[in-house]
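Student: heads up, no residue letters with this:
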């Protein structure tokens, strides 16, 4: 697993690592999805949505990207299965997934927002590390 | 306790200026000796960070349920000067007007022989948890009506009574709401979620009044011993969350425009008098109104179910009161002996106006407003009253709950949801949630003792205990 939950009293604090920025964004998307839906099954995607976000620095970019994804999960009842992303000064691509099914996806908790508090996105020897708090 | 923190009274502590660079005023918080041991360094730093914000008046305040959040700590209160002060979504939170309300019923414990059955029926009737959908078919016009007029609009749609409106803080609708600053995306999230409970610490609980400490005030609040009550805790759902997200982006930019130096990016803010600050206030007030409408609709669903199930009248389940936990509001307070209009941020804190405030219904003019403090799943909730002490010490504010002490991840490691539910059932408390993890994460042990928190605000004189409520059945979102 490339993301793990760290201690935080009230919210969900995650550490996510990946070799490159595109995978870091995809993994952080899955970290958000696992928070929302619990440990849900991998399935062949049935729906696809385009996803686009801007930010004046990498931190703002990841917050805006995850906020966009959260918006899609709530308005389209999307459960992500696959991300295809291009990350540069902005992020764009698609997220594929299945529609929410209470039988399979009721294992998580709602996320209210992606927080800037305690946010760090750093380059490491092996790639990138993101520490981020989801307000629940 | 950190060596720099000074105790100033029995349950009162001060963080001196200089604790973090740039503090304009000291920080003050209320904790009993026992609760002081639960205070995290992260929460102290956050309380001190708030004291660096421009225009903060007197001090940055922490209630006894203070804990580590983002931006302001949870349990944080700050009042800001109208001319020099700022407004920050970090002092309100993502869940704008997350709040709690309480209705009474004519029923007693013996009238509900099948509590698991009642909880199951309520769980079916009130959409709960991730992915749940609104029971109402809300039009865009109705959404705008709710953003402008809050609980009043919900009552106009048939969800409740005229009397309900009078028993909500702000009469269920804040002045200054500007739906035009609520984005299309926020509206898109708001329409399918109206009348849903949400998840996390949101809940619907069946309780009984098991102890009255002030009979005279309890009579004014309409609460009697042994009575069954229903408590509802939820907020503005995805609509409010999106408003916070949208305006944080705008205010991030405003911080540079107005040259504000911040110790934490989540404290992004703008002068109260700036276009950005006014736009956030208008959108936040509209979201707060949506939250009042949301709680009003859930109340209606509960009442309809009780009418059918117990053959009682709709009007026999009056609203005691509805309070907001996460909000920024214009209020008049005495500042250095001068009456001033200031913007009070409450982030996980409850308004606790004392006697004589013109904002309160006439029946509460002598006793102060009802303050509803929910406990955690297995612990008592409390009904308190606002005091003169709160007006003097905390800009009319008090605690909002128990406050977490244990993380969700360690809670899940220490007990399973099944174990927690079994232990609660042994105490006579039925719990229902969309999944077992939700129960484990909200186990009673992960919170401070609600009784200790409430005792602390009572002893500090910032509210008075009126009655204690024992949980019988809980729906966790």
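Tutor: Structure's in. What do you need? Nothing here was measured: the structure is a model prediction, and the numbers come from that model.
Student: the strands in chain A, which residues?
Tutor: A:3-6, A:12-18, A:47-54, A:78-87, A:90-99, A:113-124, A:127-135 (DSSP state E).
Student: looking at those strands, which is closest to residue B:58?
Tutor: When these are compared for distance to residue B:58 using C-beta to C-beta, the nearest one is strand A:113-124, at 24.7 Å. All C-beta spots, glycine's among them, are computed from the backbone N, C-alpha and C.
Student: and the angle for the closest one with strand A:12-18?
Tutor: 30 degrees (axes from the mean of the first three to the mean of the last three C-alpha atoms, to 10 degrees).
Student: neighbouring contacts of strand A:113-124?
Tutor: A:11, A:13, A:17, A:24, A:32, A:58-59, A:62-63, A:66-67, A:70, A:128-135, B:69-71, B:94, B:241, B:244-245, B:248, B:264-266, B:268 (C-beta atoms under 8 Å, 6 or more residues apart in numbering or on different chains).
Student: mind redoing it with 6 Å?
Tutor: A:58-59, A:63, A:66-67, A:129-133, A:135, B:70, B:94, B:241, B:244-245, B:265-266 (C-beta atoms under 6 Å, 6 or more residues apart in numbering or on different chains).
Student: so can I have a markdown table of the strands of chain A showing distance to residue B:169, mean neighbour count and mean pLDDT?
Tutor: A markdown table is the format used below for those (distance: least, C-beta to C-beta, whole Å; neighbours: other C-beta atoms under 10 Å in any protein chain shown; pLDDT from 0 to 100):
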| stretch | distance to residue B:169 | mean neighbour count | mean pLDDT |
| --- | --- | --- | --- |
| strand A:3-6 | 36 | 16 | 86 |
| strand A:12-18 | 30 | 21 | 94 |
| strand A:47-54 | 36 | 15 | 97 |
| strand A:78-87 | 36 | 19 | 97 |
| strand A:90-99 | 38 | 18 | 98 |
| strand A:113-124 | 23 | 18 | 92 |
| strand A:127-135 | 23 | 20 | 95 |
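Student: including distance to residue B:159, could the ones you listed go into JSON lines?
Tutor: Putting the strands of chain A into JSON lines (distance: least, C-beta to C-beta, whole Å) gives the following:
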{"stretch": "strand A:3-6", "distance to residue B:159": "39"}
{"stretch": "strand A:12-18", "distance to residue B:159": "33"}
{"stretch": "strand A:47-54", "distance to residue B:159": "33"}
{"stretch": "strand A:78-87", "distance to residue B:159": "30"}
{"stretch": "strand A:90-99", "distance to residue B:159": "29"}
{"stretch": "strand A:113-124", "distance to residue B:159": "27"}
{"stretch": "strand A:127-135", "distance to residue B:159": "28"}
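Student: what's the longest helix in chain A?
Tutor: helix A:58-76 (DSSP state H).
Student: which residues touch residue 27?
Tutor: Going with chain A. Contact analysis of residue A:27 by C-beta under 6 Å, 6+ apart lists A:2, A:3, A:16, A:18.
Student: correction: the question concerned chain B.
Tutor: By C-beta under 6 Å, 6+ apart, the contact list for residue B:27 reads B:15, B:47, B:48, B:51, B:60.
Student: one more: residue B:463?
Tutor: Contacts of residue B:463 by C-beta under 6 Å, 6+ apart are B:352, B:371, B:384, B:387, B:398, B:457.
Student: quickly list what residue B:72 is bridged to.
Tutor: residue B:70 (DSSP bridges).
Student: what are the ranges of the helices in the stretch 301-450 of chain B?
Tutor: Ranges of helices in the stretch 301-450 of chain B, per DSSP state H, counting those that start in this stretch, are B:388-393, B:408-414, B:417-426, B:436-441, B:450-459.
Student: and the closest residue to residue A:61 other than its chain neighbours, what pLDDT?
Tutor: Leaving aside its chain neighbours, residue A:61 sits nearest to residue A:55 (3.2 Å; criterion: C-beta to C-beta, 6 or more residues apart in numbering or on different chains). We note a pLDDT of 93 for residue A:55 in this prediction.
Student: surely residue A:55 and residue A:66 touch.
Tutor: No: in this structure residue A:55 lies outside contact range of residue A:66 using C-beta atoms under 6 Å: 10.9 Å.
Student: much appreciated, bye for now.
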